[in-house]
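*Asks:* Sequence and computational prediction follow.
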Amino acid sequence: MKTRIFAIALIACAGLYISSCSPKVVAMQPSDPNVPQMPAPAKTVNAERVAQGKSIYEGSCAKCHKLFSPTDFSSAEWGPILMRMQPKAHLQDADMALVSDYINSLAKS
C-alpha cells in the first residue's frame with residue numbers, strides 16, 4: 001500500500017515538474033501605468049518623416065523581435081511601448097520622433 005501511494009505521489013510530482021518546464025506564453029500588454037506617456041502625436045505629419053520613421057522602425061526593431069503592425073495598437077497604446085523600447089534599440093530622440101510619427105500615422109484610432 002505504501003509503495004502504491006509513493007508511486008502515485010512520484011507520478012504527480014513528475015507531472016507538476018514537467019508542466020512547469022513548458023514555455024510561458026505571455027500576451028504583450030499594450031499599456032503599463034508605470035511607463036511615462038509619450039506626447040500626443042502632431043496633427044500633420046510630413047510624408048518624408050513617415051518614410052524615414054518606417055525605415056528606422058524596420059531596421060532597428062526587427063533586429064531583436066518580430067515587427068508589430070502599426071495598426072495593432074492605438075496611438076495611446078503605442079506610446080508606452082515606444083518609450084520602453086527606445087533605450088533597447090539605442091535610438092536617439094530625433095530618430096524616436098520619426099518612428100513615433102510613422103507609428104502614429106497608421107495606428108488605429
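*Replies:* Sure thing, it's come through. A quick note: this is a predicted structure, and the numbers were derived from the prediction, not measured.

*Asks:* C64 belongs to a strand, doesn't it?
*Replies:* No - the assignment for C64, made by DSSP: H, G, I helix; E, B strand; the rest coil, is coil rather than a strand.

*Asks:* For it, give its distance to R49.
*Replies:* Per C-beta to C-beta, to the nearest Å, C64 is found 24 Å from R49. Every residue, glycine included, has its C-beta placed from N, CA and C.

*Asks:* Between the two, point out the one with more neighbours.
*Replies:* For C64 versus R49, neighbours defined as other C-beta atoms under 10 Å are more numerous around R49 (17 against 9).

*Asks:* List the buried residues of the host helix or strand of that one.
*Replies:* Per DSSP states H and E: R49 is located in helix 47-56. For helix 47-56, a neighbour-count test (16 or more other C-beta atoms under 10 Å) marks 49-50, 52-54, 56 as buried.

*Asks:* Now those in JSON lines, please, with extra columns for pLDDT and distance to S74.
*Replies:* What follows is those, written out as JSON lines (pLDDT from 0 to 100; distance: C-beta to C-beta, whole Å):
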{"residue": "R49", "pLDDT": "92", "distance to S74": "20"}
{"residue": "V50", "pLDDT": "92", "distance to S74": "17"}
{"residue": "Q52", "pLDDT": "94", "distance to S74": "22"}
{"residue": "G53", "pLDDT": "93", "distance to S74": "17"}
{"residue": "K54", "pLDDT": "94", "distance to S74": "18"}
{"residue": "I56", "pLDDT": "94", "distance to S74": "21"}
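
*Asks:* Perfect, I'm done here.
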